[in-house]
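> kindly generate the corresponding structure for this input.
(2 chains)
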Number of protein chains: 2
Amino acid sequence: MASKPLDYENINENVKNCAYAVRGELFLRASQLEREGKKIIFTNVGNPHQMGQKPLTFPRQVLALCQAPFLMENAHVGIMFPDDAIARAKHYLAMTSGGVGAYTDSRGLPGIRKEVAQFIEIRDGYPSNPDLIFLTDGATKGIMQTLGTIIRNKNDGIVVPVPQYPLYSATISLSGGTFIPYYLEESANWGLDIDHIRQSILDARQKGITVRAMVIINPGNPTGQCLSYANIKELIEFCYQENLVVLADEVYQQNIYQDERPFISAKKVLMDMGLPYSKDVQLFSFHTVSKGFWGECGQRAGYFEMTNIPPKIVDEIYKVASISLSPNVPGQVLLGLMVNPPKPGDISYAQFISESKGILESMRRRAHVITDGFNSCQNVQCNFTEGAMYSFPQLKLPPKAIEAAKEAGKAPDVFYCLNLLDATGISTVPGSGFGQKEGVFHLRTTILPAEEDISEVMASFKKFNDDFMAKYEA
Amino acid sequence: MASKPLDYENINENVKNCAYAVRGELFLRASQLEREGKKIIFTNVGNPHQMGQKPLTFPRQVLALCQAPFLMENAHVGIMFPDDAIARAKHYLAMTSGGVGAYTDSRGLPGIRKEVAQFIEIRDGYPSNPDLIFLTDGATKGIMQTLGTIIRNKNDGIVVPVPQYPLYSATISLSGGTFIPYYLEESANWGLDIDHIRQSILDARQKGITVRAMVIINPGNPTGQCLSYANIKELIEFCYQENLVVLADEVYQQNIYQDERPFISAKKVLMDMGLPYSKDVQLFSFHTVSKGFWGECGQRAGYFEMTNIPPKIVDEIYKVASISLSPNVPGQVLLGLMVNPPKPGDISYAQFISESKGILESMRRRAHVITDGFNSCQNVQCNFTEGAMYSFPQLKLPPKAIEAAKEAGKAPDVFYCLNLLDATGISTVPGSGFGQKEGVFHLRTTILPAEEDISEVMASFKKFNDDFMAKYEA
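Numbering: from 1, shown residues only, chains lettered A, B, ... in the order given. Modelled structure (predicted):
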C-alpha cells in the first residue's frame, strides 16, 4: 500500500479549516491540568450546572417519571412526586407512541411543537405555526442544519457579527462557505453601525461572493449587549434591502440583567413592521433549554422557527432532519416544560418561581460583580453584561507582553490566557477565538462561577492581571 | 427584490439530491391516514417501543435517578428503587461535573468511554482504547460525521452493499460524494461476491472516482443476513488490497435469531488476522442503544470506535464533535448501562435477564412467523431473517401490475406498498428505497409488530397480496 486510505492529507479540507476556540487550546490545556490534579475554574463554556447551578426541580421530576413511567403505578408515588408532575408526565407520555424510547416525527413531537408555538404567540403577540417549528438536539444542531441548507459553495457568504460565537465561523467553514465579518463597536457598548455592515457586504460582493444571510446574536455572545427595538428594526430593513436571510440566535433571551432593555424577538419586530417586510423577510429563529435559568446543556434540546420560508424548502429541511430520525425525546419533553412551565395555582408553581428567580437574580448580581471586578484591574476595560452569560473585557497588553507572546509562538491574548490558567486555574477563551479588531485583545469568561466563590475568583484574577501588567510594563 | 434570498432554486444542491425512503412518500402517506383516524401499523422504521416493546426496567430506574438525584435524598427512595439502581445512578453522576444537565467532554464522559472499551475487550478479546471511542447522539450521527470527514468532493466514492440502509446513500449525497453500489446476492441468502465488488470498484475508478471506503452492514439491514467469519475476513483482505477504509455498521449485533452464525465483529476478525492487516486496515465500528433488546431509539445514544486512524485525524474528528459541544448526557448514561448491564449477584440481575431474554426470544419467534408468512403468499419469496429486525421479501409483480403502476406515475414497488397501506394500514418501505437489481421488486417490513398481533398482520397482508396478484394476473 502506498499510503493509508485515510491520511491527514486526504481528509475533507473543510474539516481541517474549521476552528472552534471554545474547546480549543486553552480548554485542552485546562483539562490536562485538571487530570494532573490542579483545581480548574472552567469559565470557557456557558455550562451553568458544571458551575454549581442546581437544576429546576419540577422539570426534573417530570423527566424522571417519563423515563420510568412504572413509578406512576407504584402506590407510593405520591410520597416522592407532586401531583402536577405526575399529571405533566402523563401529558407528555400521551403525546409519544411508546414513551421516550420511541423515535418521534423527525421535527419533534407535534404536541410539543404546538406548545412551542403557543409560547411564541404569547411572547410576540403574533401567530406561530407548529409545522414551521422543528425541535433539535440543542440550538446548535438547528443552526448547523440551516447553514448547511443555505450554503452551496465558497462563493456563498454569511454575514456574522464580530466578536462572534465561533459556532458560526466553524460551521460556515465546515459547510464550505465564506465568513463575512461585521465588527461591533466596543466603544458604543458593542452596538452596530449599518454603514459599516454595508461596506463589508460591498467588499464581499466585489470579490464575487453571493451574500446569502446575516446572523444576529441577541443578547450577544460573547459581547453581552441586548439589541434595542430600533436596532433590530434597522437590521431587518437592511436585510430586506440587501436580500439576506436573517438568522436570529436568541438562545439567551431569558438572560437579561437590566430593566432598560428587555429582550425583543426578531420575529416580533418583523411582524410589527408590516408589509412588505412581514411577508418578504426570511427568518430563522433559534432557542434552547441550555441557557437561561434552565441551563440544561447536557440534555441537548432546542428548536428553530421558520418565517417566510417556502414550503418546498421546509420539506427539504424535514427530509434532511429525517436522516437522523428524531431529536432525543427526553430533551423534547424538557423543551415542552420550558415553554410551558408551571402556572399560578399549580402545586409546583411557588417552588418553580422561587428557584428560577433565585438563579436569575444571582446571575444579575454576578454580572455586576464581574464587570466591576474587571474594571478595577490594571489595563482592563469591560462593558457591562446586559444579557447572555459572558463578560468580554478588553486587555490593553503592553508592547513587552506582545513581544513575549511572539517569542513563545502564541497570539498575545492566548499567551495571556495560558498564563492566567497556569497561575490561577481560571480557564477562559482568548478573544481571538471570537474575532476582534487588529491589535485589540480580549478574553471571554462566563459569569457563572458560584456566587460564594466569585469575589475570590475576581481577586485571584486581579492579582494575576495586575502582576502580569506590571511585569511587562516595567 | 428580484427573488427571495432563499428559494428552492438556490439552496444547497446536495440537500436536494439526497433521498431517505424510510421516512419518505409511504411514511408521509401513512402519517396522513393516521391523522384521518385510520389505524396504521408502522413497520417502516425499526422503532421497537412504538410497537409495544417495553423498556428494560433497571436502566430506566437509573435514568430516572440521574434526572432527579434529589430522590436519593428522600427517606422513601428504597420503596421505589432497588439499591443497585441507586448505586449505579451515583456511579454515573460521579462521572459528570454537574449531573446530566452539564455538557461533557465532546467525545462523551471518559468514565463511560472506559466502560465501552471494557465491553469491546470482553467481546473481542483484544484491547480497546477509550480515547478512540466517541459517544454520539445515536449511531447515525457517528456515521454522518465519519463520512463527512472522509468525503472531499464528488470524486470520492464510498462502496455500499445494495440493498442498503438509505442513511448511507443519503449521507453520501449530503456530503457531496459518490455512491458505489455492490449488489448482494439474494439467491445466496444475500451473500456477497468479491469479484463482483472488485468490478464495481474498477468501473468507478475508470470514471475517475477515488474509492475511499467500504460499508459493511452486519447483521444486514434491510436484508437480515449475518456475515460468516470467512466472509468478514475476505472483506477485510479485500479492503487491504484495494486501500479502503472499512465502516462496520454493527448496530444489530444483539439481534441474532439463529445459533449457527453468531455475531462476530469486524474488529475481532481484523485483530485475529494479525500483521499487516491488524496495523494497516483502518476501521470505524458503530453501535447503538436503539436496537437489540434495548430498542431505546428515542434516547439517541451510540458510539464509534476507531482502529488504525492516525492521531491527527482523531484530533480533527474531536474538533468537529466539539462544535456540537456534547452528545446528550442521559443517552450517554444509557449507553454505559448497555455495555455494563447488571451482573450475576446484583439485585436486579434476574429481572434484567428475564426481560431481555423474553424480548429476544419473542423476536426470534416473530422472525420465523413473518418469513413463513411471506413465503406462503402468492408471488412472494423471502429469505429467513438471521439477524437485525427486518424482513425483505421479493415481490414477483405481474406485468399488468407494473403497467398499472406506470399509469399511476409510481415505481412498481411504491405502487404495491401504497395499495397495501390503503387496504390494510400496514406501512412498509418499498425496496427501491434501499436499492435493488433492475426489474426486481421488494418491500421492507420490521419484525416488530407485537407477538399477539402478528398472525393477524400476516393474514391481513396475505389477503391483500393474494388479491393484488390475482387481480393483475387475471
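
> poorly predicted segments of the stretch 301-450 of chain A, please.
Counting by pLDDT under 70, the stretch 301-450 of chain A shows no low-confidence range.

> residues from it in reach of chain B?
Residues of the stretch 301-450 of chain A lying close to chain B (C-beta under 8 Å from any C-beta of the partner chain) are A:308-310, A:312-313, A:316, A:319-320, A:322-331. Where C-beta positions appear, they are placed from N, C-alpha and C, glycine not excepted.

> show me which of these are buried.
By neighbour count, with 16 or more other C-beta atoms under 10 Å in any protein chain shown, those hold A:308-309, A:313, A:316, A:319-320, A:322-331 as buried.

> what are the ranges of the strands in chain A?
Ranges of strands in chain A, per DSSP state E, are A:41-42, A:133-136, A:156-162, A:178-183, A:210-217, A:245-249, A:283-288, A:302-307, A:380-381, A:390-391, A:394-395, A:426-427, A:429-430, A:441-446.

> domain assignment for chain A?
Split into domains by automatic domain parsing, chain A comes to A:12-42+A:353-473, A:95-339.

> picking that back up, now render the strands of chain A as CSV, adding distance to B:Phe352.
What follows is those, written out as CSV (distance: least, C-beta to C-beta, whole Å):
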stretch, distance to B:Phe352
strand A:41-42, 36
strand A:133-136, 32
strand A:156-162, 50
strand A:178-183, 51
strand A:210-217, 47
strand A:245-249, 44
strand A:283-288, 35
strand A:302-307, 34
strand A:380-381, 57
strand A:390-391, 45
strand A:394-395, 56
strand A:426-427, 40
strand A:429-430, 44
strand A:441-446, 41
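
> closest to B:Asn14 out of those strands?
Nearest to B:Asn14, of all the strands of chain A, is strand A:156-162, at 12.8 Å by C-beta to C-beta.

> wait, does the closest one contact chain B?
No: Strand A:156-162 lies out of reach of chain B by C-beta under 8 Å from any C-beta, never closer than 8.6 Å.

> residues in contact with that strand?
Under the criterion C-beta atoms under 8 Å, 6 or more residues apart in numbering or on different chains, residues A:147, A:150-151, A:168-169, A:172, A:177-184, A:192, A:197, A:200-201, A:204, A:209-217, A:220, A:223, A:244, A:247, A:434-436 lie in contact with strand A:156-162.

> can you give me the buried ones in that strand?
Across strand A:156-162, burial judged by 16+ other C-beta under 10 Å covers A:Asp156, A:Gly157, A:Ile158, A:Val159, A:Val160, A:Pro161, A:Val162.

> relative to strand A:245-249, how tilted is that strand?
Interaxial angle, strand A:156-162 versus strand A:245-249 (axes from the mean of the first three to the mean of the last three C-alpha atoms, to 10 degrees): 40 degrees.

> same question for strand A:156-162, mean pLDDT?
Mean pLDDT, strand A:156-162: 96.

> output that strand as PDB, nothing but the C-alphas.
Below are the C-alpha coordinates for strand A:156-162, written out as PDB (Å, rounded to 0.1, in the frame of the first residue of the first chain):
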ATOM      1  CA  ASP A 156     -21.900  31.900  -0.700                       C
ATOM      2  CA  GLY A 157     -21.200  34.300   2.200                       C
ATOM      3  CA  ILE A 158     -22.800  34.600   5.600                       C
ATOM      4  CA  VAL A 159     -22.500  37.900   7.500                       C
ATOM      5  CA  VAL A 160     -21.700  37.400  11.100                       C
ATOM      6  CA  PRO A 161     -21.100  39.900  14.000                       C
ATOM      7  CA  VAL A 162     -17.500  40.000  15.300                       C
END
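
> what lines up beside it in the sheet?
Strand pairing for strand A:156-162, determined by DSSP bridges: strand A:178-183 (parallel), strand A:210-217 (parallel).

> which of those strands is buried the deepest?
Among the strands paired with strand A:156-162, strand A:210-217 has the highest mean neighbour count (mean count of other C-beta atoms under 10 Å in any protein chain shown), at a mean of 23.

> so which of the strands paired with strand A:156-162 is nearest A:Ala139?
Nearest of these to A:Ala139, taken as C-beta to C-beta: strand A:210-217 at 11.2 Å.

> now the closest one against strand A:283-288, angle please.
With the same axes, to 10 degrees applied, the angle from strand A:210-217 to strand A:283-288 works out at 40 degrees.

> pLDDT of strand A:210-217, averaged?
97.

> contact partners of that strand?
Under the criterion C-beta under 8 Å, 6+ apart, residues A:147, A:150-151, A:155-161, A:164-165, A:168, A:177, A:180, A:197, A:201, A:204-205, A:227, A:232, A:235, A:238-239, A:242, A:244-249, A:266, B:5-6 lie in contact with strand A:210-217.
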